[in-house]
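> Here is the input, now give the coordinates:
(one chain, ligands or ions: 1)
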Amino acid sequence: MKKNRIPLLTIALIALAAPASSFAIAGTGSLSAGYTTAHDISPNTFTVKTGEKVRLEINPTDTASGCMSDIMIPGLWEKPQPLIKGKKVVMEFTPQKPGAYKITCAMGVQRGVINVR
Ligand SMILES: [Cu+2]
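As a prediction, the model looks like this:
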């Protein structure tokens, strides 16, 4: 029985250290995500606090096209930002009201969410 303890702990630590694929919690108010045409925005789910300034950076490694060319966050960031390979998108805002704010394209198709607690 004792023999198993260390390997199991090791496995647990490796699992914890693995990069989160679709979820991030704001610790510093600084969020970052990537963009690829294959996976869109990733991670795409964030949790932040009401009244705390947020800086969301998106680093596109592809250039988006068509419907998904631009990104915005209705209620938090109204100006659509183009997703262009190598051009970092920075959106800074301070959420004033709790809620689930969709990350969308310029036409409102959902591609993620920012949960304001
Ligand atoms: Cu669209």
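
> interface residues of this protein facing the ion?
67, 105, 107, 109 (CB under 5 Å from the ion). Where you see a C-beta, it was placed from the backbone N, CA and C, and this is true even at glycine.

> Could you write me a PyMOL select line covering just the buried ones among the residues you listed?
In PyMOL, this line selects whichever of the residues of the chain next to the ion come out buried by 16 or more other CB atoms under 10 Å:
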select buried, resi 105
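
> This structure: helices as residue ranges?
2-17 (DSSP state H).

> any low-confidence regions in it?
1-28 (pLDDT under 70).

> need the strands for it, in chain order.
Using DSSP state E, the strands found in the chain span residues 24-25, 30-36, 40-42, 45-48, 54-60, 70-73, 77-82, 89-93, 99-104, 110-116.

> Report the buried residues of stretch 80-93.
Quick answer for stretch 80-93 (16+ other CB under 10 Å): 81, 83, 89, 91, 93.

> Excluding covalently adjacent residues, which one is nearest to the second one?
What that stands for is L83. Once flanking residues are discounted, L83 sits nearest to A64: 3.8 Å by CB to CB, 6 or more residues apart in numbering.

> now the first one
Spatially, and ignoring its direct neighbours in sequence, Q81 is nearest to V89 (4.7 Å; CB to CB, 6+ apart).

> ok, that neighbour - contacts?
Counting by CB atoms under 8 Å, 6 or more residues apart in numbering, V89 makes contact with 57-60, 71, 81-83.
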